[in-house]
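Trainee: output the structure for:
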Amino acid sequence: MPQENTGGGTAVAVNDRRTRSRFPLRLAVTYRRTGSQSISNWISSESVNISSTGLLFTTTEAVWPGQGIEAFVAWPVSLDSRVPLKLVIKGSIVRSSGGQSAVCFERYEFKTSQMPANANLKTED
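Mentor: A predicted model of the protein is given here:
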């Protein structure tokens, strides 16, 4: 990737359009296509990384750019150090390839969860 010197001695990637930092967190993700009301349509997955505007996650079933999804992410921090949380996301797939898909958040909120907050929690080395 081409590099540009900004004059301060730090090289910046010119072609990287990302404006938000990505955090390499491997968290349990459950998702389904928007509009699907069947309980059996939920698919278990895992996050690859997350930013303030999007999520990259593994996919075992085909999802297409433009397709709406809703997802639950097992959050690694509990409310008051005891109440498990989940991040609830609604958004659209922006890209999908190689068993991974990226969703851009349209809405998100934190909710209390029945599952333990540290279930399937792994951190990237």
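Trainee: for the rest of this, base every contact and every neighbour count on C-alpha atoms.
Mentor: Fine.
Trainee: quick one: residue 43 and residue 33 touch, right?
Mentor: No. Contact between residue 43 and residue 33 fails when scored by Cα atoms under 8 Å: they sit 9.5 Å apart.
Trainee: for burial, what's the neighbour tally of residue 86?
Mentor: Using other Cα atoms under 10 Å, residue 86 has 24 neighbouring residues.
Trainee: in contact with it, which residues?
Mentor: 72-75, 110-113, 117 (Cα atoms under 8 Å, 6 or more residues apart in numbering).
Trainee: any of these buried? List them.
Mentor: 72-75, 113, 117 (16 or more other Cα atoms under 10 Å).
Trainee: tell me which of those fall in helices.
Mentor: Among the buried ones among the contacts of residue 86, DSSP state H puts none in helices.
Trainee: nearest to residue 56 among those?
Mentor: Residue 56 lies nearest to residue 73 out of the buried ones among the contacts of residue 86, by Cα to Cα, at 11.5 Å.
Trainee: so who does that closest one touch?
Mentor: So residue 73 contacts 27-30, 86-88 (Cα under 8 Å, 6+ apart).
Trainee: who does it bridge with?
Mentor: Following DSSP bridges, residue 73 is listed with bridge partners residue 29, residue 87.
Trainee: who has more neighbours, residue 43 and residue 33?
Mentor: Taking other Cα under 10 Å, residue 43 and residue 33 do not tie; residue 33 has more neighbours (19 against 15).
Trainee: surely the more buried one touches residue 68?
Mentor: Yes. Taking contacts as Cα under 8 Å, residue 33 lies within contact range of residue 68: 5.9 Å.
Trainee: please name the bridge partners of residue 25.
Mentor: residue 123.
Trainee: same question, residue 108
Mentor: residue 89.
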